[in-house]
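> Structural data only, the sequence is not supplied:
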């Protein structure tokens with residue numbers, strides 16, 4: 001039997017991305033996402049639950065996430081499950097955490113909402129050239 005380890009999740013960041021660099025300079029980004037589920041129970045009552053997942057990204061993807069994402073922004077990720085295990089230094093008990101190692105991601109949603117006082121992003125000036133052989137209105141350059 002072959003093994004297959006792949007997850008696809010869409011949710012919103014629960015905190016701002018945490019970027020760190022390895023001693024060799026590679027970027028590592030840690031994010032948390034919340035995936036909400038809504039349904040109606042047997043009595044017709046609206047129910048909701050949230051699942052919280054820790055995600056680790058590496059390299060260029062980590063840098064891009066750190067630059068363009070912040071708490072509340074929607075993201076679609078593809079990755080693989082990874083089980084981390086360690087001994088708790090305070091209690092001595094064995095601990096574990098199931099997380100996701102990001103392999104690819106996509107921006108989803110209509111963009112992030114700026115908080116009051118944030119400056120809008122500057123857009124580069126667009127150059128428009130005349131389509132026909134005629135100069136644009138206001139140009140005094142003869143053919």
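Perfect, thanks for sending it. This is a predicted model, so every value here is computed, not measured.

> Spatially nearest residue to residue 21 (excluding sequence neighbours)?
residue 27 (5.7 Å; C-beta to C-beta, 6 or more residues apart in numbering). The way it works is simple: take the backbone N, C-alpha and C, and place the C-beta from them, glycine included.

> Enumerate every residue touching the one you found.
The contact partners of residue 27, by C-beta atoms under 8 Å, 6 or more residues apart in numbering, come to 19-21, 58-60, 62-63, 66.

> among those residues, which are in strands?
19-21, 58 (DSSP state E).

> Quick check: bridge partners of residue 75?
residue 11, residue 107 (DSSP bridges).

> if I pick the residue positioned nearest the centre of the chain, what's in contact with it?
Nearest to the mean C-alpha position of the chain, counting by C-alpha atoms, centre = their mean, stands residue 75 at 4.2 Å. Residues in contact with residue 75 (C-beta under 8 Å, 6+ apart) are 10-13, 31, 33, 65, 69, 105-108.
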